[in-house]
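Colleague: okay, here's the prediction I keep looking at, along with the sequence it came from:
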Amino acid sequence: WWDWKVYTANVTEQWAQVAVVGPKARVLLERLGGMDLSPEALPFMGWAEGEIAGIPARVYRISFSGELSFEVAVPANRGLELWQKLQEAGADLGEALREAAEARKALAAAGEEFGVAPYGTEAMHVMRAEKGFIMIGDETDGTVIPQDLGLGWAISKKKTDYIGKRAQERSFMASPDRWRLVGLESLDGRVLPDGALAVAEGVNANGQRRTQGRVTSTYMSPTLNAPIAMGVVLHGPERMGEVLEFPVEGQETYKARIVDPVFYDKEGSRANG
């Protein structure tokens, strides 16, 4: 619609965003001052605009890890300032964090009071899998639709049309014989191989074993001290307790029981701390 004279601008790079996560996340942010972050003022999935430690900020009460979490967006040129103030508030590192050259060394010593420390994407992935949270690119690919992941509730029941509606009405998409999301519990303590296929009875026209599912995410959970995995399986949610086999060339066949995909904190209480 050229005649509308409208343009778009990607402003993502103008913001730095820091996730403050864990049972003491609210206490830590409140120590910096500036905003009411109580559950009443900022409920789960809410957001607010104001200041944190004197820095203009947008705070989002969202959680990818399933823990109490606040994602704080500030102007990009003040991102390091926020990071350092969070570290100072949590560990009282004082002057050491005022010098960028000392920041890395100081971060390693953080945590005297709250145990403040940076955490990486691998830790985040393990935590989200413990809570049964899906990951785009792992639980999803070009073959998976929301209904396969138990997300049918997110599909509009009111709109007469939307992007993807025609595709979802095709017979294959509406088939009851689709692979759907489940949890997988390893029977021998080994971590299931990522992408491993669950075999079924019989062979196809090429003489290959038929398949009935695959592993989408797999980790060792330090919280549960056990391997956990998620996958999509034929009629999966209706087959709780069944055992599947995952043959891997050169290794003993893996076996796993179909279980609920939420391994920890099913009530979601930790995200509502």
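Modeller: That came in fine, so what should we check first? Numbering: from 1, shown residues only.
Colleague: can you pull out the low-pLDDT segments for the stretch 1-150 of the chain?
Modeller: 1, 91-114 (pLDDT under 70).
Colleague: could you redo the last one with a cut-off of 50?
Modeller: 93-101, 104, 106-111 (pLDDT under 50).
Colleague: the strands in it, which residues?
Modeller: 15-21, 47-52, 55-60, 69-75 (DSSP state E, counting those that start in this stretch).
Colleague: can I get the ones you listed in JSON lines with mean neighbour count?
Modeller: For glycine as for every other residue, the C-beta is placed from the backbone atoms N, C-alpha and C. Formatted as JSON lines, these follow (neighbours: other CB atoms under 10 Å):
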{"stretch": "strand 15-21", "mean neighbour count": "18"}
{"stretch": "strand 47-52", "mean neighbour count": "15"}
{"stretch": "strand 55-60", "mean neighbour count": "18"}
{"stretch": "strand 69-75", "mean neighbour count": "21"}
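Colleague: possible to save those strands as CSV with distance to Asp161?
Modeller: Formatted as CSV, those follow (distance: least, CB to CB, whole Å):
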stretch, distance to Asp161
strand 15-21, 34
strand 47-52, 29
strand 55-60, 30
strand 69-75, 33
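Colleague: nearest to Val116, of those?
Modeller: Val116 lies closest to strand 15-21 among these, at 9.0 Å (CB to CB).
Colleague: who's in contact with Ala196?
Modeller: Ala196 is in contact with 214-215, 246, 248, 254, counting by CB atoms under 8 Å, 6 or more residues apart in numbering.
Colleague: so which of those sits lowest on pLDDT?
Modeller: For the contacts of Ala196, the model is least confident at Val248; its pLDDT is 93.
Colleague: now the helices for the stretch 101-250 of the chain?
Modeller: 121-130, 165-168 (DSSP state H, counting those that start in this stretch).
Colleague: and those, which is most packed in?
Modeller: With neighbours taken as mean count of other CB atoms under 10 Å, the helices of the stretch 101-250 of the chain reach their highest mean count in helix 121-130, at a mean of 17.
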